[in-house]
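Colleague: Predicted model follows, preceded by the sequence.
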Amino acid sequence: DAGVIQSPRHEVTEMGQEVTLRCKPISGHDYLFWYRQTMMRGLELLIYFNNNVPIDDSGMPEDRFSAKMPNASFSTLKIQPSEPRDSAVYFCASRTWSSGGAGELFFGEGSRLTVL
Amino acid sequence: AQSVTQPDIHITVSEGASLELRCNYSYGATPYLFWYVQSPGQGLQLLLKYFSGDTLVQGIKGFEAEFKRSQSSFNLRKPSVHWSDAAEYFCAVGRSQGNLIFGKGTKLSVKP
């Protein structure tokens, strides 16, 4: 079975450019998460969706960040305009519902973003 | 607020030696606890998880962890470390709303 698929794996862009990161969750998973990983702050939850609906976006840093999930098999994280401090590895993860609301997250391999 | 603390940023052990990585959590209810491993350039892979029941849980690659409610801890152990275990290890607590809160991670180096 295919795991969580993210693209691009690496992105280098210049400050002010728009960046779009893509994620395909595991088929049948109804939760999708976007995390950002940096040396300073570790793994931070940006936003998560349940059945394509955003549930908690309190981790989105600012209005330059937006995320969408138009259907159960695709999500995007967009940064416009990008800034050097956005440089990080962005992970997408998905899971199914489980009793009590918590369950194993399956992670993609990440998108490493460098903003010059 | 829920939080996870991994007090050791970097640990070095010799191959064949035992390993214990520490994790403390803060959570108001019965926690769902996880350990993940991340190899360089890779995503996170689940090692083991605790939801309820036996407080000693077994995971993949010979790892185990023990839940101690009185100490709010969920330490990861392995009796004999292999060079391939060099990676970064993350402890996480699951919230009832469904997301996970991760610790800052512990980087493990293995000496030959």
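Modeller: Yep, it's here.
Colleague: Look at B:Leu46 and give its secondary structure.
Modeller: Here B:Leu46 is recorded as strand under DSSP: H, G, I helix; E, B strand; the rest coil.
Colleague: in the sheet, who's paired with it?
Modeller: In this structure, B:Leu46 bridges to B:Tyr36 when assessed by DSSP bridges.
Colleague: what's near enough to touch B:Gln38?
Modeller: If you count contacts by C-beta atoms under 8 Å, 6 or more residues apart in numbering or on different chains, B:Gln38 has them with B:44-45, B:87-90, B:105. Glycine gets a C-beta too; all of them are placed from N, C-alpha and C.
Colleague: Actually, A:Tyr35.
Modeller: If you count contacts by C-beta under 8 Å, 6+ apart, A:Tyr35 has them with A:43-46, A:90-93, B:102.
Colleague: Out of these, who's the most crowded?
Modeller: With neighbours taken as other C-beta atoms under 10 Å in any protein chain shown, the top of the contacts of A:Tyr35 is A:Cys92, carrying 29 neighbours.
Colleague: just to revisit the earlier point, closest one to A:Phe74 out of the contacts of A:Tyr35, please.
Modeller: Minimum separation from A:Phe74 among the contacts of A:Tyr35 (C-beta to C-beta) is found for A:Cys92, which lies at 10.6 Å.
Colleague: can you tell me which of the contacts of B:Gln38 are up against chain A?
Modeller: Taking C-beta under 8 Å from any C-beta of the partner chain as the test, chain A is in contact with B:44-45, B:90, B:105 out of the contacts of B:Gln38.
Colleague: how about TSV for the contacts of B:Gln38, with pLDDT added?
Modeller: Formatted as TSV, the entries for the contacts of B:Gln38 read as follows, by pLDDT from 0 to 100:
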residue	pLDDT
B:Leu44	94
B:Gln45	94
B:Ala87	97
B:Glu88	97
B:Tyr89	98
B:Phe90	97
B:Gly105	96
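Colleague: And these, which of them are buried?
Modeller: The neighbour count (16 or more other C-beta atoms under 10 Å in any protein chain shown) marks B:44, B:87-90, B:105 as buried among the contacts of B:Gln38.
Colleague: Which one of the residues you listed is nearest to A:Phe65?
Modeller: Taking C-beta to C-beta as the measure, A:Phe65 sits nearest to B:Leu44 out of those, at 21.4 Å.
Colleague: before we move on, back to that, for the ones next to chain A among the contacts of B:Gln38, work out which two are farthest apart.
Modeller: Pairwise over those, using C-beta to C-beta, the maximum falls at B:Gln45 and B:Gly105, 13.5 Å.
Colleague: Tell me where the model's unsure across chain B.
Modeller: Within chain B, the set of residues satisfying pLDDT under 70 comprises B:96-97.
Colleague: Next up, the contacts around the residue positioned nearest the centre of it.
Modeller: Central residue check for chain B by C-alpha atoms, centre = their mean: the C-alpha nearest the mean position is that of B:Trp35, 3.7 Å away. Contacts were defined as C-beta under 8 Å, 6+ apart; by that measure B:Trp35 touches B:21, B:23, B:46-49, B:59, B:63, B:65, B:74, B:76, B:89-92.
Colleague: So which residues make contact with stretch A:91-98?
Modeller: Contact with stretch A:91-98 is made by A:4, A:6, A:21, A:23, A:25-26, A:28-37, A:43, A:75, A:77, A:103-108, A:110-111, B:43-44, B:98, as judged by C-beta under 8 Å, 6+ apart.
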